[in-house]
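In: Predicted model and sequence follow; I will ask about them next.
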Amino acid sequence: MPTSNQRLGLAALTALVVGSMVGAGIFSLPQNVARSAGPAAVLIGWVLSGAGMLMLAFVFQALANRRPDLDTGIYAYARVGFGNYIGFSAAWGYWVASVLGNASFFVLIFSGVGHFLPVFGEGNTVAAVAASSVLLWTVHLLVLRGLRTAALVNSLVTVAKLVPIALFLVLAAGAFRMDMFTADFFGAPALGDLGTQLRGMMLVTVWVFIGIEGASIYSRRAARRADVGRATVIGFVGVWLLLVLVSLLSMGVLSQPQLAALPNPSMAYVLRAIVGEWGASVIIIGSIISVLGALLAWVLLCAEVLYAAAGDGTMPAFLGRENARGVPANALWLSNGLIQLFLLLVLFNSGSYTSLVLLAASMSLVPYFLSAAFGVQLAWRGVAYAGQPAVRWRDFGVALLASTYALWLVYAGGLDNLLLSVLLYVPGVALFALTRRQHGQPVFTRWEWVLFGTILAVAVATLAAVCSGNLKL
Ligand SMILES: NC(=[NH2+])NCCC[C@H](N)C(=O)O
């Protein structure tokens, strides 16, 4: 990532947004969207999620301008707005979601390799998990030794991954058949009504937009603050267009049931249907490069989240330790250890790329929602910010829309994912208690006890459902 003496201009910031959003998701989009929605629902879904995500992006931008003091990560807003435990949980949730996302990256990489070497299957076979683990710890060692070239790798990879996507779009546009696209425009009866289809694709849209906070995270490093907002909007609109085109054009190449049955990265198999075997190979190789690049960025980010949170007293102090090369070693160990654990779970639970992605998207909703809710709170109180005129009604409206959108997503994501997320929030309490003790403070306030009690009760019920086989990863 950028070194401290570098000032980021508009182009670099835009590349950051695009680079952190385009990773694995877009390469699996044809199948991931078609598995639950027909063309009409997909069209509506992209408009809705585009508008909602844009509101969220505006909130991040407004918060970055209004509270430049809270620049340690998106959980800082939750802590100032809603207290220590909720703040901690936002950091924890963002971290676990990123770790889960990284686990899904491994599954997708080896699902791609599985196209050439069948032992890797869809990335969740024994061979795939073993190879994933080797790759994980290789990356770990590389990063531990200090990785100064990460920013360079990142920009090279950003260009490299856009090339196969562009190729796909051109060829798919040429092969697009209107009759195929409109054959089951409102979706096959098996998909349910429009609302059901829409809900089904929502978490997938969240997943592909994760990373939109990319430029906000680096706003401290921007040459001009205003560029952060511009870069977020430009990057967002560009990526939104790519996503819409990839999913809609695919629906004019293969039918919805055909798309739904494709392995991932499904973009490869759509291209194979157009140009034959080489098409699949090109996209798969492109996707592996893209995901490897994104993996590196997100491995660093996972460690950074814990490290920054240890720095401001949200996480225990040991996570703030740096090794001799200035790498946050403990944070890196904990993050990669958890990735390893998720990889093993994939094996035992026969989880897939898609199930990991849905869970990761569902978990990220909590910190997203809390940031938006903090935006509402801030605008409502009309606090005057560092010399800026208070345009609070516009802020209030945007933040309210963004929080409504995030809440609706929790509902749209479905009960299964919500329950599993709650389960994953519980173990965090050990780190929270440790942190509070280190600061010589009581763990919970009275109403935090109530909150935690509720979370615990839901988690126990969820665990029972998982053990009895009623709920699957
Ligand atoms: N490792 C992660 N947590 N990745 C989240 C980024 C997901 C990204 N939007 C993608 O489509 O691939």
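Out: Yep, it's here. Numbers count the residues shown, from 1 in each chain.

In: ok, and the helix or strand in this protein with the lowest average confidence?
Out: helix 214-217 (a mean of 68; mean pLDDT, DSSP states H and E).

In: do you know how far residue 314 is from residue 228?
Out: 23 Å (Cβ to Cβ, to the nearest Å). Every residue, glycine included, has its C-beta placed from N, CA and C.

In: Remind me which helix or strand the residue nearest to residue 375 when sequence neighbours are not counted belongs to.
Out: Nearest residue to residue 375 in three dimensions, chain neighbours excluded: residue 399, at 3.2 Å (Cβ to Cβ, 6 or more residues apart in numbering). Applying DSSP states H and E as the criterion places residue 399 in helix 392-412.

In: what packs against that helix?
Out: If contacts are counted by 3 or more Cβ pairs under 8 Å, 6 or more residues apart in numbering; DSSP states H and E, helix 392-412 sits against helix 39-66, helix 194-209, helix 353-381.

In: Figure out which of these is closest to the ligand.
Out: The ligand lies closest to helix 194-209 among the helices and strands packed on helix 392-412, at 4.4 Å (Cβ to the nearest ligand atom).

In: ok now that closest one, how far from the chain's centre?
Out: 14 Å (Cα atoms, centre = their mean, to the nearest Å).

In: Stretch 251-267 too?
Out: The chain centre lies 23 Å from the centre of stretch 251-267; the measure is Cα atoms, centre = their mean.

In: Buried residues, that stretch. List them.
Out: The neighbour-count check on stretch 251-267 (16 or more other Cβ atoms under 10 Å) flags 251-256, 258-260, 262-267 as buried.

In: Is it positioned near the ligand?
Out: No. With Cβ under 6 Å from any ligand atom as the criterion, the ligand is not reached by stretch 251-267; the gap is at least 10.9 Å.

In: got the end-to-end distance for that stretch?
Out: Terminal residues of stretch 251-267 lie 11 Å apart, using Cα to Cα, to the nearest Å.

In: Check stretch 425-444 too.
Out: End-to-end for stretch 425-444, by Cα to Cα: 16 Å.

In: Not counting its own residues, what contacts that stretch?
Out: Here stretch 425-444 makes contact (Cβ atoms under 8 Å, 6 or more residues apart in numbering) with 84-85, 88-89, 92-93, 96, 313-317, 366, 452, 455-456, 459.

In: swap the cut-off to 7 Å and go again
Out: With Cβ atoms under 7 Å, 6 or more residues apart in numbering as the test, stretch 425-444 has contacts from 85, 88-89, 92-93, 313-317, 452, 455-456, 459.

In: and stretch 232-240 with the ligand, contact?
Out: No. Figure legend: stretch 232-240 not in contact with the ligand (Cβ under 6 Å from any ligand atom); closest approach 8.6 Å.

In: any idea of the angle the helix holding residue 399 forms with helix 194-209?
Out: Interaxial angle of helix 392-412 relative to helix 194-209 (axes from the mean of the first three to the mean of the last three Cα atoms, to 10 degrees): 110 degrees.

In: Could you export helix 392-412 as PDB, keeping only the C-alpha atoms?
Out: Provided in PDB are the C-alpha atoms of helix 392-412 (Å, rounded to 0.1, in the frame of the first residue of the first chain):
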ATOM      1  CA  ARG A 392     -27.300  18.600   7.900                       C
ATOM      2  CA  TRP A 393     -30.500  17.900   6.100                       C
ATOM      3  CA  ARG A 394     -28.800  16.500   3.000                       C
ATOM      4  CA  ASP A 395     -26.400  14.500   5.300                       C
ATOM      5  CA  PHE A 396     -29.300  13.300   7.300                       C
ATOM      6  CA  GLY A 397     -31.300  12.100   4.300                       C
ATOM      7  CA  VAL A 398     -28.300  10.300   2.700                       C
ATOM      8  CA  ALA A 399     -27.400   8.600   6.000                       C
ATOM      9  CA  LEU A 400     -31.000   7.600   6.600                       C
ATOM     10  CA  LEU A 401     -31.300   6.100   3.100                       C
ATOM     11  CA  ALA A 402     -28.000   4.200   3.600                       C
ATOM     12  CA  SER A 403     -29.100   2.800   7.000                       C
ATOM     13  CA  THR A 404     -32.400   1.700   5.600                       C
ATOM     14  CA  TYR A 405     -30.700   0.000   2.700                       C
ATOM     15  CA  ALA A 406     -28.300  -1.800   5.100                       C
ATOM     16  CA  LEU A 407     -31.200  -2.900   7.300                       C
ATOM     17  CA  TRP A 408     -33.100  -4.100   4.300                       C
ATOM     18  CA  LEU A 409     -30.100  -6.100   3.200                       C
ATOM     19  CA  VAL A 410     -30.000  -7.900   6.600                       C
ATOM     20  CA  TYR A 411     -33.600  -9.000   5.900                       C
ATOM     21  CA  ALA A 412     -32.900  -9.800   2.200                       C
END
